[in-house]
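Participant: Coordinates only, no sequence provided:
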């Protein structure tokens, strides 16, 4: 039996079937669809179009521009018109402000009509813009990140080819690493956000401000009028960042160092300008803060710094690191009480490198922990051979304090045989500042060992004194900057610290005594101990026994009676004061 086939439709019936099938397809698509004739009147719209545009009149025969009068003459109209005129499809994304909606549109023209396939892509657009923003901005501060900043810097330099100046300021926070290491990363993050907010207040809408990573920021100012304009911006930034920050109920202070390079004078490419601003930054930090403009001579300094950083990794192994010891006297008794261990680097090529130069490098490279461990153990081993009534003071970096310090100190004392009560551990204010349970327990463990604790460089760090209540110390050391300042305010500070220390049951030591006048002043105020070149310069380990004998012979003679120093005891003027 032969199969039967449906009879072929023709004429109007066939066209109706084709239309029916087309409408079925258009109703099934995920797009909204509108078909218009050449007069822009609606011939067809599917259910999705009616749902998406339900607030508009999409009746058959209505002109599209009657339904969307605000779009007439705009991007939608222009794209549809071009498609009809050129009989070529177009696709685009456009925002319709009246609906607060982004549309993705595909328009397909025919001689008599144009079919519009479109969909709402607002959410997709939002996510895409968010991802783009995240890719271009620092997640913590919201400032531009390094890649996006670089692109914008290159764009500014291209625009500057018309002889306009571009200023680049490279900003680095002073003492941020110390705060971050001692107060924790959450505290450090909050501080970075605060710095970013202050940078925004200092800069204009046309400036580019970015975080390069860590505690480094950059600002690009296009159309720089003069070098004085860059100088004024740097001064504003330093003043803003130097003001105290109040975070989580605490008050901290940081500073800022800034390196400045100006295009085209200091470079025409992004890499060159960044490198030169970085060189100027190193020079500014070497000057202990402030700002510096790039100078060609600075490149030699940076090369030396990089060399020192590389050489420092092998300095311990080559035996280039040494300790010297500076005496500390009892003010009223004249008795030698302590030697403070001071680190020195005898570089094979560059000679003596002072701690102020290489300790920051050790902190940057992470070598400070191993160097500090070596210094503590070496000093304890040498102090064992001193008279039993002479103590040893050793400085600790914040990194050492956070890395299981009590256990390591106990191990070193056990290994060297030094009596714990002879060891004085000196730490800066940042270590004491955060009264966390962990920090309190750490200090209690140290005191249980029998070692003594000193607060070093007092008055140069944090303004809150609450930590002195939570962390009772055996000694407070007044920073040399107050001792050497002849002003009335400095004198008042020394008097206040002496009274505070005695009220807390702590000895007070004045650092940096270089003149008889300074010594008399701190003696009258009531400081317990004194340290400085007037009383004795740092000496090598093999000179300790000789110095102890000299001091023992003068045990009954107070330092203030020595109006003249022997040549042996006279300070060397080319030394940097270390006490």
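Facilitator: Cool, the structure landed. Predicted, not measured: the structure shown is a model, and the values here were computed from it.
Participant: So, low pLDDT: which residues of the stretch 51-200 of the chain?
Facilitator: Under the criterion pLDDT under 70, the flagged ranges of the stretch 51-200 of the chain are 159-163.
Participant: 90 instead?
Facilitator: 54-55, 126-139, 146-148, 151-152, 154-165, 174-188 (pLDDT under 90).
Participant: Ok, the stretch 451-579 of the chain next?
Facilitator: Applying pLDDT under 90 to the stretch 451-579 of the chain picks out residues 455-473, 478-494, 496-498, 500-505, 536, 542-579.
Participant: ranges for the strands of the stretch 151-300 of the chain?
Facilitator: Listed from the start of the chain, the stretch 151-300 of the chain has strands (DSSP state E, counting those that start in this stretch) covering 165-174, 208-213, 216-224, 245-247, 250-252, 255-263, 290-293.
Participant: weakest of the ones you listed by average pLDDT?
Facilitator: Taking the average pLDDT of each of the strands of the stretch 151-300 of the chain, the minimum falls on strand 250-252, with a mean of 83.
Participant: With distance to residue 137 and mean neighbour count as new columns, can the strands of the stretch 151-300 of the chain be given to me in CSV?
Facilitator: No exception for glycine: its C-beta is placed from N, CA and C like everyone else's. Written out in CSV, the entries for the strands of the stretch 151-300 of the chain read as follows (distance: least, Cβ to Cβ, whole Å; neighbours: other Cβ atoms under 10 Å):
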stretch, distance to residue 137, mean neighbour count
strand 165-174, 17, 24
strand 208-213, 9, 21
strand 216-224, 13, 21
strand 245-247, 22, 15
strand 250-252, 26, 18
strand 255-263, 22, 24
strand 290-293, 26, 21
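Participant: Quick check: which of the ones you listed is nearest to residue 543?
Facilitator: Nearest to residue 543 among the strands of the stretch 151-300 of the chain is strand 165-174; the distance by Cβ to Cβ comes to 35.5 Å.
Participant: What strands flank that closest one, and is each parallel or antiparallel?
Facilitator: Strand 165-174 has the following strand partners under DSSP bridges: strand 216-224 (antiparallel), strand 255-263 (antiparallel).
Participant: buried stuff in the top strand by length along the chain?
Facilitator: When the chain is scanned for its longest strand (criterion: DSSP state E), the result is strand 336-347. Neighbour-count burial for strand 336-347 flags 336, 337, 338, 339, 340, 341, 342, 343, 344, 345, 347 (criterion: 16 or more other Cβ atoms under 10 Å).
Participant: same check, this time on stretch 114-132
Facilitator: 114, 115, 116, 117, 118, 119, 120, 121, 125.
Participant: Just the terminal-to-terminal distance for it.
Facilitator: 34 Å (Cα to Cα, to the nearest Å).
Participant: again, but for stretch 100-118
Facilitator: Between the opening and closing residues of stretch 100-118 lies a distance of 15 Å (Cα to Cα).
Participant: contacts for that stretch?
Facilitator: For stretch 100-118, the surrounding residues in contact (Cβ atoms under 8 Å, 6 or more residues apart in numbering) are 29, 31-38, 43, 49, 76, 79-80, 83-84, 86-96, 119-122, 124-125.
Participant: Would you map the helices across the stretch 301-450 of the chain?
Facilitator: With DSSP state H, counting those that start in this stretch, the ranges of helices along the stretch 301-450 of the chain come out as 355-365, 368-383, 398-402, 405-416, 429-433, 437-449.
Participant: Dump those to a markdown table, plus mean pLDDT, mean neighbour count and distance to residue 189.
Facilitator: A markdown table is the format used below for those (pLDDT from 0 to 100; neighbours: other Cβ atoms under 10 Å; distance: least, Cβ to Cβ, whole Å):
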| stretch | mean pLDDT | mean neighbour count | distance to residue 189 |
| --- | --- | --- | --- |
| helix 355-365 | 82 | 17 | 19 |
| helix 368-383 | 93 | 20 | 22 |
| helix 398-402 | 75 | 20 | 17 |
| helix 405-416 | 93 | 16 | 24 |
| helix 429-433 | 64 | 24 | 17 |
| helix 437-449 | 80 | 15 | 18 |
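Participant: re the thing from before, who wins for proximity to residue 518 among the strands paired with strand 165-174?
Facilitator: Counting by Cβ to Cβ, residue 518 lies closest to strand 255-263 out of the strands paired with strand 165-174; the figure is 26.4 Å.
Participant: Any figure for the gap between the residue most central in space within the chain and residue 360?
Facilitator: In the chain, the C-alpha closest to the average C-alpha coordinate belongs to residue 215, at a distance of 1.2 Å (Cα atoms, centre = their mean). In this view, residue 215 and residue 360 are 13 Å apart by Cβ to Cβ, to the nearest Å.
Participant: for residue 321, same thing?
Facilitator: When distance is defined by Cβ to Cβ, residue 321 is 15 Å away from residue 360.
Participant: Now do the contacts for residue 230.
Facilitator: By Cβ under 8 Å, 6+ apart, residue 230 lies in contact with 167, 169, 221, 224, 260, 262, 293.
Participant: any idea how far the helix or strand containing residue 489 is from the chain center?
Facilitator: Taking DSSP states H and E as the criterion, residue 489 maps to helix 488-503. For helix 488-503, the separation from the chain centroid amounts to 33 Å (computed by Cα atoms, centre = their mean, to the nearest Å).
Participant: which other residues reach that helix?
Facilitator: Here helix 488-503 makes contact (Cβ under 8 Å, 6+ apart) with 458-459, 465, 468, 475-476, 478, 481-483, 507-508, 510, 521-522, 525-527.
Participant: Could you pull out the helices in the stretch 451-579 of the chain for me?
Facilitator: Counting by DSSP H, counting those that start in this stretch, the stretch 451-579 of the chain has helices at residues 466-470, 480-483, 488-503, 516-525, 544-553.
Participant: Pick the most deeply packed of those helices.
Facilitator: Scoring the helices of the stretch 451-579 of the chain by mean neighbour count under mean count of other Cβ atoms under 10 Å gives helix 480-483 as the most buried, with a mean of 21.
Participant: Now do that helix: which elements does it pack against?
Facilitator: Packed against helix 480-483, as judged by 3 or more Cβ pairs under 8 Å, 6 or more residues apart in numbering; DSSP states H and E, are the following elements: helix 488-503.
Participant: Next, the angle from the helix it packs on to helix 516-525.
Facilitator: 40 degrees (axes from the mean of the first three to the mean of the last three Cα atoms, to 10 degrees).
Participant: Tell me how far residue 261 lies from residue 359.
Facilitator: Distance, residue 261 to residue 359, using Cβ to Cβ: 27 Å.
Participant: now residue 492
Facilitator: The spacing between residue 492 and residue 359, counted by Cβ to Cβ, is 31 Å.
Participant: would JSON lines of the helices of the stretch 451-579 of the chain with distance to residue 388 be doable?
Facilitator: Converted to JSON lines, those look like this (distance: least, Cβ to Cβ, whole Å):
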{"stretch": "helix 466-470", "distance to residue 388": "30"}
{"stretch": "helix 480-483", "distance to residue 388": "29"}
{"stretch": "helix 488-503", "distance to residue 388": "26"}
{"stretch": "helix 516-525", "distance to residue 388": "27"}
{"stretch": "helix 544-553", "distance to residue 388": "11"}
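Participant: and residue 156, which of the ones you listed is closest to it?
Facilitator: Nearest to residue 156 among those is helix 480-483; the distance by Cβ to Cβ comes to 40.8 Å.
Participant: ok now the closest one, how far from the chain's centre?
Facilitator: On Cα atoms, centre = their mean, the centre of helix 480-483 falls 28 Å from the chain's centre.
Participant: That'll do, ta.
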